[in-house]
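Quick one, fold the following:
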Amino acid sequence: MRAYLQHLQGNYEEALGSLREAEGALKQDHPANFSRQALVTYGSYAWVYYRLVNYDMVDLYLGRIHDICRSLASPEAYSAMIPEIQAQKGWSLLAGGFRNGDEAAECFRKALEVEESNEEYQAGLAVSVFASWTHSSNAEQREEAQKLLEEVVARQPQNYEAKAYLARALNVVDTERALCLADNVARESVNPEVLRYISKLYKPQSLPLAISILKKAITLDPGYHLPHHNLGLCYLKQLGRRPGDVREEAVEAAIESFKRSLEKDPFSIFPRLELAKVYGERSPAYEEEIYVNLMEELPGASKRCQQSIYIHWGDFLLHKKGMKSQALEMYQAAARIPGDHASDRKQLEICLKKLASMFREDGEMDQARAVYSFLKETGLQQGGWWQRGFWQKNRQQ
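Next up, the predicted model:
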């Protein structure tokens with residue numbers, strides 16, 4: 001994956017270095033079937049050397065691929081439908097984002113058709129189904145993910161990534177067992193990403209414990225930006241619970257965490273949005289400046305980042321400026337951006353309902369009705385109290 005990204009940037013020599021690392025890892029992890037595992041890597045070598053106009057090396061790696069495919073009795077000269085490649089594709093899709101869960105699951109199912117007892121492919125399928133559930137909130141998918149993850153954890157008790165995901169899936173139906181699994185992961189895992197993920201389970205119940213786990217993750221890998229960001233979010237959550245001087249300490253800690261996250265990943269949108277919010281505790285003018293800059297960068301941002309920028313800017317216009325109509329425009333722009341993140345759509349629903357209530361309290365009934373109609377039109381609100389009560393009550397006003 002790193003080699004692929006480096007090749008996209010035109011850094012071909014760096015890409016070759018990454019491929020050499022990948023090749024070394026494959027030799028170490030799969031000594032018995034290295035050639036099968038190396039097919040994709042050899043194809044990547046050939047492509048990068050092609051970009052470097054080094055055709056002798058292109059021929060060398062194409063020759064290796066051809067020899068491997070012939071040894072596998074593949075009908076194709078330069079490709080082979082083998083489970084190792086399906087698994088590599090599945091893991092690559094997951095590395096590209098959990099939104100690819102359905103496609104990744106299909107890859108692992110194809111791999112398991114050939115090697116049904118392969119534990120790596122079983123784990124990949126479990127993670128893929130879990131990934132799909134996080135984007136769908138489908139109850140049946142959650143049950144399937146739980147079942148598959150239970151099987152993986154039973155076979156691989158040291159698989160703390162699977163335990164973390166199982167804890168998240170269980171948290172919906174069995175909080176006590178979910179936290180028991182989370183405790184084990186927090187104690188034993190030395191993977192910063194797994195620790196970062198498990199810290200989210202503690203955030204609603206115990207911010208100090210979540211903060212402690214994130215600090216452990218940062219100690220393990222100080223250069224990884226996401227634990228710094230999550231730590232800042234924990235401090236941000238503390239702001240609503242702390243008075244006076246203690247509150248100021250939380251502001252300082254949050255600012256420091258978001259700054260560190262941006263030092264490691266300067267182009268990340270979300271830490272800038274949260275940093276703006278924290279700075280707003282002291283200087284609304286500085287908060288506004290950050291939002292204005294982000295609005296200028298909006299066209300180059302991902303769809304989800306665009307949506308978040310609109311929501312934060314709308315919140316600022318509404319709560320700091322009292323500009324209800326302008327805030328409504330931002331929320332509507334956010335809602336029109338396609339996306340499959342249930343949490344983002346729920347946040348938008350809450351923002352629009354609050355705005356509708358503010359319109360209603362100010363006697364602006366037409367605007368309130370317009371907001372409710374928009375909620376229904378976009379599918380953010382499927383019926384509810386406002387249709388049964390408020391709408392009927394205020395029709396004659």
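
List the contacts of A210.
Listed by CB atoms under 8 Å, 6 or more residues apart in numbering, the contact set of A210 reads S199, K200, Y202, K203, C234. Any C-beta I mention is one placed from the backbone N, CA and C, and that applies to glycine too.

So which of those wins on neighbours?
Comparing the contacts of A210 by number of neighbours (other CB atoms under 10 Å), S199 comes first, having 28 neighbours.

Could you find the closest non-adjacent residue to A250?
Nearest non-adjacent residue to A250, counting by CB to CB, 6 or more residues apart in numbering: Q238, 4.4 Å away.

CA-only coordinates of the host helix or strand of the one you found in CSV, if you can.
Using DSSP states H and E, Q238 sits in helix 225-238. Only the C-alpha atoms of helix 225-238 are listed here, as CSV (Å, rounded to 0.1, in the frame of the first residue of the first chain):
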residue,chain,number,x,y,z
HIS,A,225,-1.3,11.3,14.6
LEU,A,226,-4.7,9.7,15.4
PRO,A,227,-4.2,8.9,19.1
HIS,A,228,-3.2,12.6,19.6
HIS,A,229,-6.5,13.6,17.9
ASN,A,230,-8.6,11.2,20.0
LEU,A,231,-6.9,12.4,23.1
GLY,A,232,-7.9,15.9,22.2
LEU,A,233,-11.5,14.8,21.8
CYS,A,234,-11.4,13.4,25.3
TYR,A,235,-10.2,16.7,26.7
LEU,A,236,-12.8,18.5,24.6
LYS,A,237,-15.5,16.3,26.2
GLN,A,238,-14.2,17.2,29.6
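
how far does it sit from the chain's center?
15 Å (CA atoms, centre = their mean, to the nearest Å).

ok, now stretch 28-38?
Centroid separation between stretch 28-38 and its chain, computed with CA atoms, centre = their mean, is 30 Å.

What's the end-to-end length of it?
12 Å (CA to CA, to the nearest Å).

mind listing what's buried in that stretch?
For stretch 28-38, the neighbour count (16 or more other CB atoms under 10 Å) marks S35, R36, Q37, A38 as buried.

of all those residues, which comes closest to L5?
Nearest to L5 out of those is A38 (CB to CB; 19.9 Å).

show me what contacts V53?
By CB under 8 Å, 6+ apart, V53 lies in contact with nothing.

what about it, which SS state?
coil (DSSP: H, G, I helix; E, B strand; the rest coil).

next one: P204
Put simply, P204 is coil when judged by three-state DSSP.
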